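Enquirer: Sequence first, then the predicted structure:
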Number of protein chains: 2
Amino acid sequence: MKKIGVAILGLGVVGGGTYRILTEHKEFYKTTQALDINVECVLEPNEARWRELGVPEEIVATNIAEIACDPDVNIVVECIGGVGTAREYVLDVLYGGKTVVTSNKELVAKYYHELERAAKRHSAGLYFEASCVGGVPIIRTLLDGVQSNRITSMMGIINGTTNYILTKMTEEGTSYAAALSEAQRLGYAEADPDADVEGYDAAYKLSVLSSLAFHTKIPYTKVLREGITGVTAEDIARGNALGYRLKLLAIAKQSEEGIEVRVHPAFVKKEHPLASVSGSYNAVFLTGDAVGDLMLYGRGAGDLPTGSAIVSDILYAASRIEPRYSTFKNNATPDKDTKFITDFESAYYMRLSVNDKTGVLSKIAAIFGKNNISILELLQTPDSDGATLVLVTHETHEAAIKNAVAKLNTSEIAKVEAVLRVVS
Amino acid sequence: MKKIGVAILGLGVVGGGTYRILTEHKEFYKTTQALDINVECVLEPNEARWRELGVPEEIVATNIAEIACDPDVNIVVECIGGVGTAREYVLDVLYGGKTVVTSNKELVAKYYHELERAAKRHSAGLYFEASCVGGVPIIRTLLDGVQSNRITSMMGIINGTTNYILTKMTEEGTSYAAALSEAQRLGYAEADPDADVEGYDAAYKLSVLSSLAFHTKIPYTKVLREGITGVTAEDIARGNALGYRLKLLAIAKQSEEGIEVRVHPAFVKKEHPLASVSGSYNAVFLTGDAVGDLMLYGRGAGDLPTGSAIVSDILYAASRIEPRYSTFKNNATPDKDTKFITDFESAYYMRLSVNDKTGVLSKIAAIFGKNNISILELLQTPDSDGATLVLVTHETHEAAIKNAVAKLNTSEIAKVEAVLRVVS
């Protein structure tokens, strides 16, 4: 039976989950995969942490060179995170000819090209299923499941923290701040939540997934990114009343005009499969020219779900002779001939406070009309000092919306309180 | 660039879709996969059909030996269906050392062992993603995406025809017969619909998927199979009113007690992700001990979706040096130590006509009580000659339900009009 030695760098949530899965399934992998997988080494400076996981002291390494030079280690799992130490260590072990399995979306989004070059030079493999959407095998699907297709679009809920917060705000009418605190209390959000709530995490993942899907270089810097910090419970509730659910969506589209990649909050119709993806669940909905619509749904984070993706990569790498490189492209800079669309089309939700006077509605309608924006739905409700107007437009250009908003805000008949995108 | 020659046996719906995808994406696969894929041969006795697809006459073969011996053919796609000619031809080309890609669930369910032996002996590959759930890469996922998990359960809507019929009956209140005619008119159901409506198609697929998921031999003959021919629009509507949707479910569970595999109509709560899988869409919902819940959703049939799975298998096989065999087991006979559970537990929906007399309800309740069946929901409505009682039980054994039904039917106070399973 083939023996495979594994080293794990970092025993945080994901590293710990990986350790548990590998040790608890050792006999299972012998039977089902004909692989004898041993954790030969871990690198974890926090003694309390490795003791808590029951890691035997003799396999705790003190530095990366020990692992890079260990002939018994074939595969190194990187769960450190960030692009400082993690990048250095990954390069060190690739130079040592070890195959790398990583869950680090930032590292893959920013430095894949460098890592792949090192891997190829030293005949090592490089796998990163766990970097995107936790346990959901979306990368394996793009590489080996729907690679026969031209993928035309991809739309996903790919950040669990923000989906938890938005679900909480939707179901309980909580404010953003209260939902964030609750997410932090439960460990779904970091003390510094910016990476999640400002959409960086989703943008890294979208860079990786869209580069794979479209077979071209899509740097994360090209992803239009808006977070959820400005979202109010009021708009969520008003959107709900119109039959929409608010989600932080990651969207990638490819057409003859070019590529658009964006991460922002958006309303989706409640009948859409993504609308019912709640809490910490994630999903990716993609469309290919042969397969049509396809959705993958599952846990986007957590020790065991993300560990599942890491260990599946380990088994995949261990059971093959030739290291396989993905068709993933260097995404440090895009190809010269790739056109990125920035003035994309979208439908919009808008909430306005209006003076409740005769003729106001016709003036507002005229402003929309002049900007070629047509209205799909409109709901006016009275309030203490005037009225609230909530409307959803047909698809239009962002520039047109910006013009209309500026015009409305200087009109003295209405004030635009909120603008959110609507996706069909 | 690697050149790969493909032959297609049978240009029906799926074979035709495969031909179209391969010819229309030829340049795309050169760029994205570094593979130059040519359709070298087709075997299709119906001249009108290959002419309709625009197949050049010079690549139309007249017999299987031509293909089995053609040095330019590396991969043979089998889209004939059935287990007569298809099995013979597949063995012929495997003996010729050609890798086989098939969409034939019956062939895989009944003869996988024989085919794999032939493939291994002649160093050929054997791929069958397209045999289950059309374009949804569920087999790739089981083999390479969640193979790190012990899969404990799998629940799927894996037959498009029956899902179309049940969706139609649910949404429009149509009778089974009317919905079937409509499905036949639209080409979703065959003139002889038994393979679909009696659950054979789903049983073959479940045999294949559960054998892969549980790493053991699960012959299709072990699948408890009940079709949808007895389902009435009345029960669908009454179930709906209680918050359930009726689906033809394929269910596989593995626990320490053993394995259960079954295909039958069942009510699912309308909040369950499978409840909203409508029309000809399919989905598989599985649970692993690390990944947790995972669902794949997409088109379960059709020329291009199923062709997508076939061509993805072709690209997978073509881009690898070593043929990979799945961990799929021979499923002609099960292993001696595999225990199959037949008296499984389930909740039940029941519809009874009752005499509307004092004390009747307590007598009925007593019969359930004596059989240790406890009631979760109950709804009594009056009708012309008595009342209709609709109820949903807690989980119980099938034997208990059978006893209760027999007792009720001989009690002269009630008649059991319908019994359907309910799945949580």
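Expert: Noted; the coordinates are in hand.
Enquirer: And chain A, what are its domain boundaries?
Expert: As recorded under automatic domain parsing, the domains making up chain A are A:2-134+A:305-318, A:138-299, A:345-423.
Enquirer: With mean neighbour count as extra columns, can I get these in JSON lines?
Expert: From N, CA and C alone the C-beta is placed, and that goes for glycine too. As requested, those are exported to JSON lines (neighbours: other CB atoms under 10 Å in any protein chain shown):
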{"stretch": "domain A:2-134+A:305-318", "mean neighbour count": "20"}
{"stretch": "domain A:138-299", "mean neighbour count": "21"}
{"stretch": "domain A:345-423", "mean neighbour count": "16"}
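Enquirer: For those domains, give me a markdown table that also has distance to B:Met350 and mean pLDDT.
Expert: Output for those, formatted as a markdown table (distance: least, CB to CB, whole Å; pLDDT from 0 to 100):
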| stretch | distance to B:Met350 | mean pLDDT |
| --- | --- | --- |
| domain A:2-134+A:305-318 | 38 | 96 |
| domain A:138-299 | 29 | 95 |
| domain A:345-423 | 43 | 93 |
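Enquirer: And the ones you listed: which comes nearest B:Ser175?
Expert: Closest approach to B:Ser175 among the domains of chain A (CB to CB): domain A:138-299, 26.1 Å.
Enquirer: Now do the same for A:Arg51: helix, strand or coil?
Expert: Secondary structure for A:Arg51, judged by DSSP: H, G, I helix; E, B strand; the rest coil, is helix.
Enquirer: got it, and A:Val101?
Expert: Under three-state DSSP, the three-state class of A:Val101 is strand.
Enquirer: ditto for the one 10 residues further on
Expert: Assigned by three-state DSSP, the conformation of A:Tyr111 is helix.
Enquirer: Roughly how far does it sit from A:Tyr204?
Expert: Applying CB to CB, to the nearest Å, the value for A:Tyr111 to A:Tyr204 is 11 Å.
Enquirer: and if you look at A:Lys98?
Expert: 24 Å.
Enquirer: what do you get for A:Ala418?
Expert: Separation of A:Ala418 from A:Tyr204 (CB to CB) stands at 27 Å.
Enquirer: tell me the contacts of the residue lying closest to A:Leu209 once chain neighbours are set aside?
Expert: Take A:Leu209 and drop its neighbours on the chain: the residue closest to it by CB to CB, 6 or more residues apart in numbering or on different chains is A:Cys132, 5.7 Å away. Contact partners of A:Cys132, counting by CB atoms under 8 Å, 6 or more residues apart in numbering or on different chains, are A:105, A:138-139, A:158, A:205, A:208-209.
Enquirer: can you tell me how far A:Cys132 sits from A:Tyr188?
Expert: From A:Cys132 to A:Tyr188 the distance is 18 Å (CB to CB).
Enquirer: circling back to that earlier point, out of the domains of chain A, which gets nearest to B:Met169?
Expert: Closest of the domains of chain A to B:Met169 is domain A:138-299, at 19.6 Å (criterion: CB to CB).
Enquirer: can you pull out the helices in the stretch 151-300 of chain A?
Expert: For the stretch 151-300 of chain A, helices defined by DSSP state H, counting those that start in this stretch occupy the ranges A:160-172, A:176-185, A:194-197, A:200-214, A:233-241.
Enquirer: ok, what's across the strand from the residue nearest to A:Thr152 when sequence neighbours are not counted?
Expert: Distance criterion CB to CB, 6+ apart; nearest residue to A:Thr152, sequence neighbours excluded, is A:Thr287 at 5.2 Å. Beta bridges link A:Thr287 to A:Ser153, A:Asp293, judged by DSSP bridges.
Enquirer: In terms of secondary structure, what does the helix or strand hosting A:Val42 contact?
Expert: Using DSSP states H and E, the element containing A:Val42 is strand A:35-43. Strand A:35-43 sits against strand A:2-9, helix A:13-24, helix A:26-33, helix A:64-68, helix A:303-318, with contacts defined as 3 or more CB pairs under 8 Å, 6 or more residues apart in numbering or on different chains; DSSP states H and E.
Enquirer: 10 Å - rerun?
Expert: strand A:2-9, helix A:13-24, helix A:26-33, helix A:47-52, helix A:64-68, strand A:75-78, helix A:303-318 (3 or more CB pairs under 10 Å, 6 or more residues apart in numbering or on different chains; DSSP states H and E).
Enquirer: Surely A:Val208 and A:Ile139 touch.
Expert: Yes: using CB atoms under 10 Å, A:Val208 makes contact with A:Ile139 at a distance of 7.7 Å.
Enquirer: just to revisit the earlier point, turn the helices and strands packed on strand A:35-43 into TSV, columns for distance to chain B.
Expert: As requested, the helices and strands packed on strand A:35-43 are exported to TSV (distance: least, CB to the nearest CB, whole Å):
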stretch	distance to chain B
strand A:2-9	12
helix A:13-24	5
helix A:26-33	5
helix A:47-52	19
helix A:64-68	22
strand A:75-78	12
helix A:303-318	4
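Enquirer: Three-state assignment for A:Gly54, please.
Expert: coil.
Enquirer: Quick check on A:His394: phi, psi?
Expert: phi -70, psi 180 (degrees, to the nearest 10).
Enquirer: gap between it and A:Asn372?
Expert: 10 Å.
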